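J.: Sequence plus the predicted model coming up.
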Amino acid sequence: MAAYAELICQSNFSFLHGASHPEELVEHAARLGYQALAITDECSVAGVVRAYSYIQTHGLSIKLIVGALFTIEVADSLTAKIVLLCPNRQAYAELCRVITNSRRRAAKGEYQLHEWDLKSVRHCFVLWLPSHQQASDQFWLEWLKRHYKSRLSIVISRELISGEHHYIEYCRRLAEQHKINTIASSLVLMHSKVRMPLQHTLTAIARGCEIERLGRTALSNGERSLRSIDKLSKLFLPAELLSTCLLANLCHFELSELQYEYPSELIPQGVKANDYLVTLVERGKKIRFPEGVPTDIEQIINKELRLITELGYEHFFITIYDIIQFAKEKGILYQGRGSAANSVVCYCLEITSVDPKQISVLFERFISQERQEPPDIDVDFEHERREEIFQYIYDKYGRERTAITATVITYRLKSAIREVGKALGIDEMRLDFFIKNINRRDSHQPWFIQLTELGLDIKSKKGQLFIKLVEEVKGFPRHLSQHVGGFVISKGPLYELVPVENAAMEGRTVVQWDKDDLAALSLLKVDILALGMLTAIRKCFHLITQHYQQDYSIAAITRKKDDKAVYDMIQQADTVGVFQIESRAQMSMLPRLKPKTYYDLVVQIAIVRPGPIQGGMVHPYLKRRNGEEAIIYPSKPLEAILSRTMGVPIFQEQVIKLAMVAAGFTGGEADQLRRAMGKWKKTGELDKFKDKLINGMLTRGYTLEFAEQIFQQICGFGEYGFPESHSASFAVLAYVSAWLKCHYPAVFYCSLLNSLPMGFYSASQLIQDAKRHGIEVKPVCINQSSWHHYLTGNADNELVLQLGFRIVNGLNQACAETIVQHRPEAGFNSFYQIQQLGLRKDQYQALASANCFHDIADNRYAARWQLLNHEHQLPLFAEADSSHEAGSAHRECVKEPSPQYDILPNDYDDLIEDYAATGLSLNKHPIQLLRDAGALVRVTTAKDLNNIRHKQTVTVAGVVIGRQSPGTASGVTFVTLEDDTGNVNVVVWVATARAQKQAFLASKILKVTGIVEREGQVIHVIAGRLLDITDELSELNSHSRDFH
Amino acid sequence: MLWGYFYFPQLQLDILQQVQSCDQPLVIVDGHSNHVVQLNELAIAQGIKKQMGLATAASLYHQLQVIPYHETTEQQALIHIVESLYDLVADIAVDEVNGVFIRFGNMLKLYKGLDGLKQSLLARLADINLCFSYASAYSPIAAKVLAKSSLNQFYTEEEQLNVELERLAITQVFESTKDQEQLARLGIKRLAQLNQISFGELSKRFSHSFLSYFLQLQGKQPLAITFYQPKPRFAQEIELLYEISTIDILLKPLAGLLKRLASFLVLRGLACQMLTLRCRYRSSDIVCWDIRSAEFCDNADKWHQLVSLQLEKVQLKEPVVSIGLFCEQLTLKVVTPQVLFGQRQSQLTQLELMSLLQAKLGIDKVKRPTFCSEHRPELANQMSTTLTESSAASAEQLIANMRPSYLLATPQPLTCSIDVIHGPERIETGWWQHSVIRDYFIARNGQGQWCWVYREPNQQWFIHGYFG
């Protein structure tokens, strides 16, 4: 049988054109016995790493050739289609450079190839597809011959389309006349012709039309697929087939040749990287362990340093160290998290804040010989200042050596339904209806069964096609986007390693590979992430210094012993605003778990998640902690692993250690198990480990029952389990934020409000909580406020929170700063003065609606009325006004109603205006207003619920501030109602929700009659009757946060 | 001047429900905002409201029928309403927003008061079977806002009208959400409050468009309204002086009508493509023929020729006592500039020829092959009765795509031997509808004819066409 190599093949990374994944292409080509396959997506190498990884993982005997396809057009519409293939490393660098230049000079998603780019190509092989347009072919033939000589081939394709014989004769004639090699190609767009319907669908999506309307623009057959060599032998001349193999044999480049080189400028001259790292670690030890390093920690440090040297990762740590030093210098708070918190070296370098004495570190989770992938260090920075870190990196390394990693945006279920539906001609309104009704988390009913209930006829041909195509297109890449904060930094120009293209954000560039691709090729990336709580904490420290003349840091707070007052507050679930433990679910668990120490917080954060809940870990842990169940360890080694969590595996690291200790897994195998846990629902990979795990445990003397229980827990854990190190990092911030709330509440609320948007709660809810904690809050004021909120003293020397202009909807910061800058010392005392600021009309109106002029006007209506008068802006009147002002100490106070306009707002009006203008109200709560109006008879307040017995019937009412339907909760919805005394947690079962849908779904103010359920201090109301009483305060403008 | 307004809040829904009954909750959704704009009683019973988002509506009732909102449907319905009322009131105008203005004015004398007019209007609207509300006032805007508030009265007393207006909420009076919000933020919730404030003070604070609207509401500023004018149509009928039993003789009086038609068209610069000839038999039965032309025509002789050809073979079953000529669809005549030194045109254009052929043979007997962008040959080559100028593009496409000039309507099994010259061309498509998998070849048969043949996957051969 003849041999063959397919040299032109586009995967689905030629977006909306290729109809197969790179993995499918290499697998099928290998199965057909191809000698080699070139992945040649259009101006892209985004898919090659996946193909490469697949070949490596599955041991396929097919060579992968890297290349790309381009279209170039020069003057007078002379176009050419060419493919560049990489025979060696230099050719690859050339290709990356060509792609980078072409992409960088065009808008995102497009490219512009210039002649100069091609002229600079000295090593790539060039395959030319003649267009059959005389003038164009003549021009390009001469051009290509001149520049590529022996590296040029003409492509002969057999698509079995009309008129093809003319074209082939033409190409062969050209080749013969000009003595150019010919090669055969199927111009592959799919691994098999069964994908043709999908390819047509993608074409329809790309063109924005229905498949029926594609006409001749669609492929007429499925021949542009990987075909058997036997068939190819009948379609092409033997020489043409042979040429493909000869060319493939000349291509030796492999992606594994890509050697990543770190920036070296960080290492002092004359010093080796390893030595420098050791120096930094020594320095760090003195800071982190002022009383000396414990022996066991010292051993861990030495072990880590040895491994880092062996694997050559010194530069990586030093690069991150450099970045965090910059942050420290600029006073930007940061914290490393994730698996990096397992590293004591990271702790010494001050990258992470988790004291290794407090958790059980597992360095193998971070780096190991077997992992065969570089470490992954995620560092959170203050979200408002992360851009400074970005700019530091860009400035230090230059745009040529730095770029952000890509994220591949793929088709998910809803986008697949919409796009495929449109291509099949299904009405868009109908598609919207389907999409809005699908419950993705209903595991009992696949999506298409749900759609049958909504009117899709799955027996019809269209219905069947719809389902099939949606399933096929799910997971297909749509486009590349930029990662949230992953950076690649290299020693030399990045574009010789991987092409770089424009991101949507101005000034940003992305590499064409995502984090998995980079990991597969051992290319290091640094994750520069953002965390709102770090901003809030830094602002707290600043305010404490300002008002209390005390300096704090995260380390200083964590260094103090566990503060009982703080844990008392946490145990009572008084954690609104506290990092990680402020959600409804967390607040329900806190009074049960009663964290007393830092490690309890680590467990708290990890346990209230779907993984442990589904794995059945929560109740056993609670019972053992409360002494209701005995803690039994099947063996001493397991006791060492599980003792700190009462014998219940809660963390990912515990699962890995269990597998290693109890079932004899090596570190690497255990890591593979961890990965499989992350993907098991999608791939079922976990099942492969079941036998090994159970047999391993049986061999070591554990019971079958215990072994199976552990496996079930692992399955339940799935992708939701938290690593201990990650939870530990978060627990640091949780504790610090709780400490700040406990000891400096005014500072805490002020800082949180100044750091929004972040966290779980709105400004309104935070202020309600602040007021419940006795903090006085002053309204926005034209004479007192700045842009940001700040603290000021009252007559009793207590700190009072002065709300800032930032709370006013529609007011921009520049206007606020103008007000502050031009505010007289005695304050504004007339509208004339304010109008002299020359702000835009809408800005004045925004201020008036927020009642900022309460110092000058009696009410906001009058203020607005006054400001609307544009007569004062006319030069004639302005002069008259100013002379009047100059002549007297007149205070233009709009206290008396105008005879023409005498409308005064009542309490309801003020409430509505407050919410419309600022999203909150400092006046009476809506529920209080209703109560005062007699609309809430026999309704219990949130505060008074404490006095209601378990199982007693009760009626509560509140503004709906949250609806949550966790996937683990079997359709139950948790509704949070807020009244003037606090929050009420309402549980609505599915049947109740279904029977009273309108009130359940649409109400903004809800009255609930139900049964109280108490478990210690945790109180829920199980809803029976729901009544929408929104109309009773109908114009309230409140925003409910709905999680589904 | 007294004005009336009729408001139709759910035209599309009403029309739908006239055509077919719906026993499910049904909503009509605006595709841009995804909000419910119209809904039936069953949907209301489920708690769905107007302006509710589709997602919320859908979660209240899963089996909701959802229809997209079509503005054109409603506009057409409004035109129909106006046309049907036009013979009752001449001064009638379509309001974009689901309503109709009527200037009562002189009509009141004709109907001897408002009651008479009201009864006639309501009776006529009852026949159309649509939901509506109505009101009157001394300005069109005031009538409109009162109608939309479902007043359902025609008042003439100004004082009474003022009372009704003043009790309206601002949201009922001002359509612009910007105006509504601005007034709400000043605490002005009712029109009565706004009326308290002098116009001078208002003019210092509000926009020109707001003030203009307010004056129009008060009737102090006129509203520009374009009253309905019926579209031009030609309709003439003549009683014959004597009964006519054959077509030949009928053509003579018909020629006179055609001359009048031509005169009507030429005077107005119009032309038409279709006429309806209506004959009444002695027994009072009516028979109609539609006469079509391929091109827009205003020439009596040409129409006469078409009519003659079309009616050539018609046998009148009874003597005809009257004939009428009707033409509804008239368009502006497009004058094609004549090229002085251009290529000599034949006396008949293509379209003229086709008109004559269609008239002679029947519309469905005259077809032209057209070429569609489609891989499947049976769909690519279609015969169309649409008579437009042909283009050379189709022929070029035929040649470029190596397609035979003569395609068999149905492929025939190949029974003779052939020599394959070119191929295969594989056509493997239509999976979404009517799948086709064929390998086509260009071949020569024993008679030297160039054939277009294909082979199916089961190895059966067919002939599909001939190259000529």
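T.: Everything's here; your move. These numbers come from a predicted model, not from an experiment.
J.: distance of B:F467 from A:Q546?
T.: 92 Å (CB to CB, to the nearest Å). Bear in mind the C-beta positions are built from the backbone N, C-alpha and C, glycine included.
J.: same thing with A:Q998?
T.: Using CB to CB, we find A:Q998 at a distance of 51 Å from A:Q546.
J.: Looking at those two, which is more packed in?
T.: Per other CB atoms under 10 Å in any protein chain shown, whichever of A:Q998 and A:Q546 has more neighbours is A:Q998, with 18 against 12.
J.: can I assume that one is in contact with B:L60?
T.: Yes - under the criterion of CB atoms under 8 Å, A:Q998 makes contact with B:L60 at 5.9 Å.
J.: Please enumerate the shared neighbours of these two.
T.: With contacts taken as CB atoms under 8 Å, 6 or more residues apart in numbering or on different chains, A:Q998 and B:L60 have B:Q46, B:G47 as neighbours in common.
J.: pLDDT weak spots in the stretch 201-350 of chain B?
T.: Along the stretch 201-350 of chain B, the model assigns pLDDT under 70 to residues B:336-348.
J.: Give me every residue in it lying close to chain A.
T.: With CB under 8 Å from any CB of the partner chain as the criterion, the stretch 201-350 of chain B meets chain A at residues B:E201, B:K204, B:R205, B:F206.
J.: Out of those residues, the closest to A:L799 would be?
T.: Lowest distance from A:L799 to these (CB to CB) belongs to B:R205, with 40.9 Å.
J.: domains for the chain, by residue range?
T.: Because you didn't say which chain, this covers chain A. A:5-257, A:273-406+A:524-532, A:413-474, A:610-721, A:744-875+A:902-918, A:926-1036 (the TED database).
J.: um, chain B though
T.: Listed domain ranges for chain B are B:3-23+B:64-218, B:25-59, B:234-332, B:377-466 (source: automatic domain parsing).
J.: Going by neighbour count, list what's buried in the second one.
T.: When neighbours are counted by 16 or more other CB atoms under 10 Å in any protein chain shown, the buried residues of domain B:25-59 are found to be B:25-30, B:35-40, B:42-43, B:46-49, B:52, B:54, B:56-59.
J.: Determine the longest helix present in the chain.
T.: Using chain A here. What stands out as the longest helix in chain A, according to DSSP state H, is helix A:724-743.
J.: ah, no, chain B please
T.: Chain B, longest helix under DSSP H: helix B:247-268.
J.: if we compare the domains of chain A, which one ends up closest to B:R124?
T.: Among the domains of chain A, the nearest to B:R124 by CB to CB is domain A:413-474 (34.1 Å).
J.: So the closest one, near chain B or not?
T.: Yes - using CB under 8 Å from any CB, domain A:413-474 reaches chain B at A:424, A:427-430, A:432-433, A:436-437, A:453-455, A:461-462, A:465.
J.: neighbour-wise, which of the residues you listed leads?
T.: The most crowded member of the residues of domain A:413-474 next to chain B, judged by other CB under 10 Å, is A:F433 (24 neighbours).
J.: State the mean pLDDT of the longest helix of chain A.
T.: Taken as a whole, helix A:724-743 carries a mean pLDDT of 92.
J.: Following element in sequence after that helix, please.
T.: helix A:745-755 (DSSP states H and E).
J.: Please state the offset of that next one from the chain centre?
T.: For helix A:745-755, the distance from its own C-alpha centre to the chain's C-alpha centre is 25 Å (CA atoms, centre = their mean, to the nearest Å).
J.: Next, the angle from that helix to helix A:724-743.
T.: 120 degrees (axes from the mean of the first three to the mean of the last three CA atoms, to 10 degrees).
J.: and the following helix or strand past helix A:745-755, what does it pack onto?
T.: Per DSSP H and E, the first helix or strand lying C-terminal to helix A:745-755 is helix A:763-772. Packing partners of helix A:763-772 (3 or more CB pairs under 8 Å, 6 or more residues apart in numbering or on different chains; DSSP states H and E): helix A:745-755, strand A:777-778.
J.: So for stretch B:222-238, what gets flagged as buried?
T.: Buried residues in stretch B:222-238, counted by 16+ other CB under 10 Å: B:L223, B:Y228, B:F234.
J.: For A:L733, give me its contacts.
T.: By CB under 8 Å, 6+ apart, the neighbours of A:L733 are A:Q335, A:L531, A:M533, A:L534, A:I537, A:I554, A:F579, A:Q580.
J.: for the residues you listed, which one is nearest B:N195?
T.: A:M533 (54.4 Å).
J.: Report pLDDT for that closest one.
T.: So, for A:M533, pLDDT stands at 96.
J.: so it sits right up against A:M758, yeah?
T.: Yes - applying CB under 8 Å, one finds A:M533 in contact with A:M758, separated by 6.7 Å.
J.: Looking at these two, which one has more neighbours?
T.: Set side by side, A:M533 and A:M758 show more neighbours around A:M533, with 26 against 18, by other CB under 10 Å.
J.: for the closest residue in space to that one that isn't next to it in sequence, what are its contacts?
T.: Leaving aside its chain neighbours, A:M533 sits nearest to A:F579 (4.5 Å; criterion: CB to CB, 6 or more residues apart in numbering or on different chains). Residues in contact with A:F579 (CB under 8 Å, 6+ apart) are A:M533, A:F730, A:L733, A:A734, A:V736, A:S737, A:G759.
J.: Next, give phi and psi for A:E708.
T.: phi -70, psi -40 (degrees, to the nearest 10).
J.: Helices of the stretch 151-300 of chain B, start to end?
T.: Along the stretch 151-300 of chain B, counting by DSSP state H, counting those that start in this stretch, helices occupy B:158-166, B:170-173, B:177-184, B:191-196, B:199-203, B:208-218, B:247-268, B:300-311.
J.: can I get these in TSV with mean neighbour count?
T.: Converted to TSV, the helices of the stretch 151-300 of chain B look like this (neighbours: other CB atoms under 10 Å in any protein chain shown):
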stretch	mean neighbour count
helix B:158-166	15
helix B:170-173	18
helix B:177-184	16
helix B:191-196	17
helix B:199-203	14
helix B:208-218	16
helix B:247-268	16
helix B:300-311	19
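J.: show me the contacts for A:A51.
T.: A:A51 makes contacts with A:S11, A:P22, A:E23, A:L25, A:V26, A:L37, A:I39, A:L64, as judged by CB under 8 Å, 6+ apart.
J.: Repeat that for A:A707.
T.: So A:A707 contacts A:L693, A:I694, A:M697, A:L698 (CB under 8 Å, 6+ apart).
J.: same question, B:S435
T.: Contacts of B:S435 by CB under 8 Å, 6+ apart are B:T429.
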